[in-house]
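Visitor: Here is a sequence together with a model predicted from it:
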Amino acid sequence: MISQKNHYSTATLSGSASIAAWRQAMAEVYYRLDIQARNDDRVVGELIDVQFGSMGVSNFKADAQRVIRRKESAKIDQSEDFVFLFPTRKGLEFEQRGRTGLAMPGAVFLLNSAENYIVDVPDGSENITIKIDRRLLIDRVKGIDGLCAAMNIANSQLVPVVATLGTQLLNLPPGDHADRLQQSVIDLICLMLDLRESPQDGAFIRQTLASSLYSRIDNYLQRNLHVHDLSPDQAAREHKISVRYLHKIFHYHGTSFGQRLLELRLQRARQMITGHRSAASINLGQVGYECGFTGQSYFSTCYRKRFGVTPRQSTRLPINGDSNLRLGAAEFDDIDDASA
């Protein structure tokens, strides 16, 4: 069985009490750590975690602090884990084995819990952390010990997939699939590390994952067309990826975030207009508003440019009469209108 989800927060605590509570929460989720607050000797933080036997998954949110792992504490814990940290907001600076690095959202870095290390956390930081018993990985990934505190250790296209999977595991209800879930995560992490130096395989992975992620984001846009200020930042946060990577996904599919969002809004508006039973009673302003357009003039201009007729003219078309609509702009020439 999956262990019960645990939730820790220091939001209601102040001063030394918040630091002591945060240190205790970190020890329960990870292991003994020294915490040095950076903001008025207080730590505001939140941890959510689930344990899967030899693997733990957690979501870490906190303000500025320095997290220190000391070898003396590791000896007391009598355990050795590989710890994968996936920043999802703000970059994390880290140090271990004399190496230093900075991992930005969309990247990952690896630490060994049995050795000294330091992680500097900025204000507003968030990450997904996956810790795995070292014995489960040491024989599966050649040279994994040498990846600790190193940069560019993983296939960049698989990193957000693993981070997203970690996020989804935190939302699963208790069940009987802990062993299978744990093994799936480990398999994917091994693949993520193994493909770091395989450009040919990496190209195939990038193509497959880009298509899968694009489909998920596209579905997200369709569910949120009514949100007038829907932005790339919001979509990237929802899918735990960087805005830069989100733009790459759309570019890979020959479009942009704004172009795709506009296309989906116009297609939804057309469906509402041509599918309405009574042309006389339809409120075109309301249609535009519900599809995410804040101005009637802009809605009409975009609609006519896309379909070659105004929204009002569309009300006189039969429900299945779209075959006579023409594309009104060159940038839409490659869109399959019949798929809408």
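Guide: Structure received. Numbers count the residues shown, from 1 in each chain.
Visitor: what about Gln259, distance to His253?
Guide: Going from Gln259 to His253 by Cβ to Cβ, to the nearest Å gives 10 Å. Bear in mind the C-beta positions are built from the backbone N, C-alpha and C, glycine included.
Visitor: Repeat that for Arg312.
Guide: With distances taken as Cβ to Cβ, Arg312 is found 33 Å from His253.
Visitor: residues in contact with Arg312?
Guide: Taking Cβ atoms under 8 Å, 6 or more residues apart in numbering, we find Arg312 in contact with Leu284.
Visitor: Which secondary structure element is home to it?
Guide: Using DSSP states H and E, Arg312 sits within helix 311-314.
Visitor: model confidence over that helix, on average?
Guide: Averaging pLDDT along helix 311-314 gives 86.
Visitor: what do you get for stretch 27-41?
Guide: 89.
Visitor: ok, residues contacting it?
Guide: Contacts of stretch 27-41 from elsewhere in the structure, counted by Cβ under 8 Å, 6+ apart, are 6, 8, 15-16, 18-19, 22-23, 26, 43, 47, 49, 56, 58, 63-70, 73-74, 76-77, 79, 81, 83, 113, 123, 129, 131.
Visitor: if you look at these, which of them are in strands?
Guide: Counted as lying in strands by DSSP state E, out of these, are 6, 8, 47, 49, 56, 58, 65-69, 81, 83, 129, 131.
Visitor: Ignoring the adjacent residues along the chain, who's closest to Val159?
Guide: Setting aside the residues directly before and after it, Val159 is nearest to Val108 in space (Cβ to Cβ, 6 or more residues apart in numbering), at 5.0 Å.
Visitor: for the one you found, what are its contacts?
Guide: Contacts of Val108 (Cβ under 8 Å, 6+ apart): 84-86, 153-154, 159, 162-163, 192.
Visitor: Tell me the one of those residues nearest Thr301?
Guide: Of all these, Thr301 sits closest to Ala163, with 39.8 Å by Cβ to Cβ.
Visitor: how about the one helix or strand the closest one maps to as CSV, C-alpha atoms only?
Guide: For Ala163, the host element (DSSP H and E) is helix 159-170. Coordinates of each C-alpha in helix 159-170 appear next as CSV, following Å, rounded to 0.1, in the frame of the first residue of the first chain:
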residue,chain,number,x,y,z
VAL,A,159,13.4,15.6,-17.1
PRO,A,160,10.0,17.3,-17.2
VAL,A,161,8.3,13.9,-17.7
VAL,A,162,9.8,12.5,-14.5
ALA,A,163,9.0,15.7,-12.6
THR,A,164,5.4,15.6,-13.8
LEU,A,165,5.1,12.0,-12.9
GLY,A,166,6.3,12.8,-9.4
THR,A,167,3.7,15.5,-9.1
GLN,A,168,1.0,13.1,-10.2
LEU,A,169,2.1,10.4,-7.7
LEU,A,170,1.5,12.9,-4.9
